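>>> Make a model of this:
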Amino acid sequence: MLGGRIEELLAARVDEGEAYFEREAGRLADLCHRMAERFARGGRLVAIGLSPAARTDVRHVTVEFVHPVIVGKRALPAIGLSREGGPLASQVDLVAEPDDIAIAFGPDEEGGDEVIAGLEVARERGCLTLAFAPAGAEWELVPDAEDPFVRQELAETAYHVLWELVHVFFDHRGLLEGREEKATHDTGRSSFLYPFLSESESDLASVTADVRASALLKATEVSELRSQTLSEGRDQLIAAAETLRTCFEGGGKALALGNGGSATDAMDLVADLRYPPAGRGWPARRSIDLTEDTAIITAVGNDIGIEEIFQRQVIAYGRRGDVVVSLSTSGNSANMIEALAEARRREMATVAFVGYDGGKIAADGLADHVIVTRSQNIPRIQEAQASAYHVLRELIEARPHRGPRPQTREP
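Residues are numbered from 1 along each chain as shown. Alright, predicted model coming up:
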């Protein structure tokens, strides 16, 4: 029963992804060019969003641009604005500059009016504006999917593609407004990322066409990776859902953790557990995001070491019967391994989403349930893992449980 449901959820993602990127790949390529012009003039990316889910995308897109994992590519300036800083319009008014790029998340969700107001301020300031839902932005790349999880996954792939392919235009500096009127082409160490580029290209139309083709390739790659992750990981996902359901209905909680972009995935999983999508009748589930408290993370990292930032929190918050959920693209992060080991010492169940070949976490069986996304491409791993934990969230609620009323315990 649950295996069939996973197949349905996967098929919907593959179909929606194919339709979305076939429709939007050309616009994504044009937008990469416009964004590159802004960055070349000193502009920055300004991401805004208020809802629990939108806030995670704000953090995700900014960390990707500021801390690139693309070999040989520059860091690009980005700043995220969410509810921590007060009204969004006021924050945008203080931060935005004319050459910036404003990207809005969740204008159709909680706090949507405030997001739209912030976007209006950015547009009036002269920023290029972008949104993944109707919001009055110049560029609106709106997925048609009804499932909010699928819409978020498509938006994530889209902004990853923008982040990856905006760099192509820096290798064709003559095509950027304000640059020298000469087309130059040097893909250098990044050439393996852009197989369609050749030394003979010299005009905007051909480069944009190649960027469009590359965007379609990336969309196909993540569809295949989602299929591998959900198909090979089917039994592990079903077992992990049962473990988490038992935990929650016994009064326990989930503790989620990750580093960098995976930290924003941990944040997103907790948001989905605490604030389930409207209209589904799912209960809110007790969970803690171990990446959320920067004071704790920086204190432990500075005084003891980065390897202990999650372990110390597992000691502080974890109890027997709780579940630790770790997300990693490599499966080798020392701080994750320490946290999983601590969880086992405390008789807590463990779930791990890992990339590459599963790393040390999979090889040494360091988690009870391990879901492996078999790729070395970090953006694609994160996109497939988002599908996997969204499916996990649905599986937790997919079967009614007739047991005793949940016991409420303090964290």
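>>> Specify the local secondary structure of Ala284.
coil (DSSP: H, G, I helix; E, B strand; the rest coil).
>>> meant to ask about Ala263, not that
Here Ala263 is recorded as helix under three-state DSSP.
>>> who's in contact with it?
59, 63, 257, 291 (C-beta atoms under 8 Å, 6 or more residues apart in numbering). The C-beta positions use only the backbone N, C-alpha and C, and glycine is treated the same way.
>>> And the residues you listed, which is closest to Glu394?
Leu257 (21.6 Å; C-beta to C-beta).
>>> got a list of what that closest one touches?
Taking C-beta under 8 Å, 6+ apart, one finds 263, 266, 289-291, 310, 313, 324-327, 335-336, 339 in contact with Leu257.
>>> out of those residues, which are inside strands?
289, 324-327 (DSSP state E).
>>> Adding neighbour count and distance to Pro277, write those out as TSV.
Formatted as TSV, the ones in strands among the contacts of Leu257 follow (neighbours: other C-beta atoms under 10 Å; distance: C-beta to C-beta, whole Å):
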residue	neighbour count	distance to Pro277
Asp289	23	18
Val324	28	24
Val325	29	19
Ser326	30	24
Leu327	32	20
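>>> Which of those sits closest to Asp171?
Of those, the one sitting nearest to Asp171 (C-beta to C-beta) turns out to be Leu327, at 31.9 Å.
>>> My guess is that closest one contacts Val270. True?
No. When contacts are counted by C-beta atoms under 8 Å, Leu327 is not listed as touching Val270 (11.0 Å).
>>> Check the contact lists of those two and give me the overlap.
Ala256.
>>> quick one: the helices in the chain?
Applying DSSP state H to the chain gives helices spanning 2-40, 52-66, 88-95, 112-125, 148-170, 204-232, 234-249, 261-274, 294-303, 311-317, 334-345, 359-363, 378-396.
>>> Could you list the buried residues of the shortest one?
I take that to be helix 359-363. Across helix 359-363, burial judged by 16 or more other C-beta atoms under 10 Å covers 359-362.
>>> swap in the fifth one?
For helix 148-170, the neighbour count (16+ other C-beta under 10 Å) marks 148-170 as buried.
>>> Centre of the chain to stretch 335-349, how far?
24 Å (C-alpha atoms, centre = their mean, to the nearest Å).
>>> which residues are contacting that stretch?
Against stretch 335-349 from outside (C-beta under 8 Å, 6+ apart): 243, 247, 255, 257-259, 290, 306-311, 313-315, 318-324, 326, 328, 350, 352, 360-361, 366-369.
>>> ok, back up a step: neighbour-wise, which of the contacts of Ala263 leads?
Leu257 (30 neighbours; other C-beta atoms under 10 Å).
>>> Name the nearest residue to that residue, sequence neighbours excluded.
Nearest non-adjacent residue to Leu257, counting by C-beta to C-beta, 6 or more residues apart in numbering: Leu290, 4.2 Å away.
>>> surely that neighbour meets Ser262?
No. Assessed by C-beta under 8 Å, Leu290 is found out of contact with Ser262, at 11.7 Å.
>>> picking up where we left off before, now the contacts of Leu257 in CSV, with pLDDT and distance to Arg13?
Formatted as CSV, those follow (pLDDT from 0 to 100; distance: C-beta to C-beta, whole Å):
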residue, pLDDT, distance to Arg13
Ala263, 98, 23
Ala266, 98, 21
Asp289, 98, 25
Leu290, 98, 28
Thr291, 97, 26
Phe310, 98, 30
Gln313, 98, 32
Val324, 98, 27
Val325, 98, 21
Ser326, 98, 23
Leu327, 98, 18
Asn335, 98, 31
Met336, 97, 26
Ala339, 98, 29
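>>> Tell me how the chain divides into domains.
The chain is divided into the following domains under automatic domain parsing: 2-222, 233-396.
>>> Run the chain-centre distance for the first one.
The chain centroid and the centroid of domain 2-222 are separated by 12 Å under C-alpha atoms, centre = their mean.
>>> How far does that domain stretch from one end to the other?
Taking C-alpha to C-alpha, to the nearest Å, domain 2-222 runs 23 Å from one end to the other.
>>> Count the residues that sit near Ala133.
Counted with other C-beta under 10 Å, Ala133 comes out at 21.
>>> Show the contacting residues for the nearest residue to it once chain neighbours are set aside.
With sequence-adjacent residues excluded and distances taken as C-beta to C-beta, 6+ apart, Ala133 is closest to Asp108, at 4.2 Å. Neighbour list for Asp108: 133-135 [criterion: C-beta under 8 Å, 6+ apart].
>>> do the same with Glu110
Glu110 neighbours (C-beta under 8 Å, 6+ apart): 50-52.
>>> Out of those residues, which is nearest to Met1?
Nearest to Met1, judged by C-beta to C-beta, of those is Pro52 at 29.7 Å.
>>> any low-confidence regions in the stretch 101-250 of the chain?
Along the stretch 101-250 of the chain, the model assigns pLDDT under 70 to residues 177-202.
>>> tell me which residues of stretch 52-71 are tucked away?
Buried-residue list, stretch 52-71, by 16+ other C-beta under 10 Å: 52-65, 68.
>>> Correct me if wrong: Ile309 contacts Asp303.
No. The pair Ile309 / Asp303 is not scored as a contact, 10.7 Å apart, by C-beta under 8 Å.
>>> who has more neighbours, the two?
Ile309 (24 against 8).
>>> and the more buried one, what pLDDT?
At Ile309, the model reports a pLDDT of 98.
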